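*Asks:* mind looking at a prediction? Sequence and model below.
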Amino acid sequence: MDEALVPEDSYLVGRILQGETELFRLLIQRYEKTVFNLGKSFFRNSSDAEDWTQEVFLKAYRSLKSFEGRSRFSTWLYKIAYNTALNNIQRKKEYCSLADNEDKLASNYTDDNPEHLAVRNAVKKAVREAVAELPERYRLCVDLFFFYDRSHEEIEAITGIPVNTVKSHVFRAKKLLKESLENVL
């Protein structure tokens, strides 16, 4: 579909609140995959992530009146998702970075050269291991910043971590990753 023809999220929210509730499916289609991937980061399996994703969209639908448009709809939705995940996971479970998710690191790279594939797989493995070694608070900020393309301010809105702390976490994580991967890459 042409980007120019895709309705803005805030426009859809307004129409949904005016009674065109069937339009909520467009928001689900737009964000389902990224919310699901965030769920896999927390729950580490597809079944729990699917259940959680449904719960997130149900909460978002029920809370739609509280969306004020001061942030992007996606930021508001990810905040609901983040808080729902925190409420659902057991305290002993750790956040699992998207770097652990093979699909997210896979690219459209289709080189059949065995040597290139071996190098690519070794690099992916090294990145996964390096990210897994980061402190949990860094991994969360790195995921939201790099894998979900969220700004520092959006990460603050989603997690409640002050923006300067988010910036610090991303900066320190990048430094630790660089040090960790220096000899590998």
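*Replies:* Received, thanks.
*Asks:* now do the phi/psi pair for residue 67.
*Replies:* The phi and psi values for residue 67, taken as degrees, to the nearest 10, are phi -70, psi 120.
*Asks:* number of residues surrounding the nearest residue in space to residue 161 that is not next to it in sequence?
*Replies:* Closest residue to residue 161 apart from its sequence neighbours, by C-beta to C-beta, 6 or more residues apart in numbering: residue 155 at 6.7 Å. Placement of C-beta: from N, CA and C, glycine included. Residue 155 has 27 neighbours, counted by other C-beta atoms under 10 Å.
*Asks:* which residues touch residue 155?
*Replies:* Applying C-beta atoms under 8 Å, 6 or more residues apart in numbering to residue 155 gives the contacts 141, 144-145, 161, 163, 166.
*Asks:* give me the low-pLDDT residue ranges for the chain?
*Replies:* Along the chain, the parts satisfying pLDDT under 70 run over 1-6, 89-112, 184-185.
*Asks:* what are the ranges of the helices in it?
*Replies:* 9-17, 24-43, 46-62, 73-88, 102-105, 114-133, 136-142, 152-159, 163-181 (DSSP state H).
*Asks:* give me the contact list for the last one.
*Replies:* Taking contacts as C-beta under 8 Å, 6+ apart, the residues outside helix 163-181 that touch it are 126-127, 130-131, 133-134, 137-139, 141-142, 145, 152-153, 155-156, 159, 161.
*Asks:* what residues go with each domain of this structure?
*Replies:* 1-93, 95-185 (automatic domain parsing).
*Asks:* okay, now the residue lying closest to residue 137 once chain neighbours are set aside: neighbour count?
*Replies:* Excluding the flanking residues, the one nearest residue 137 by C-beta to C-beta, 6+ apart is residue 169, at 5.9 Å. Burial of residue 169 is recorded as 23 neighbouring residues (other C-beta under 10 Å).
*Asks:* do residue 128 as well
*Replies:* By other C-beta under 10 Å, neighbour count at residue 128 equals 17.
*Asks:* against residue 57, how distant is it?
*Replies:* Between residue 128 and residue 57 the distance is 29 Å, computed by C-beta to C-beta, to the nearest Å.
*Asks:* ok, residue 87 next?
*Replies:* Using C-beta to C-beta, residue 87 is found at 16 Å from residue 57.
*Asks:* look at these two and report which has more neighbours.
*Replies:* Remark: of residue 87 and residue 57, residue 57 carries more neighbours, 20 against 8, as counted by other C-beta under 10 Å.
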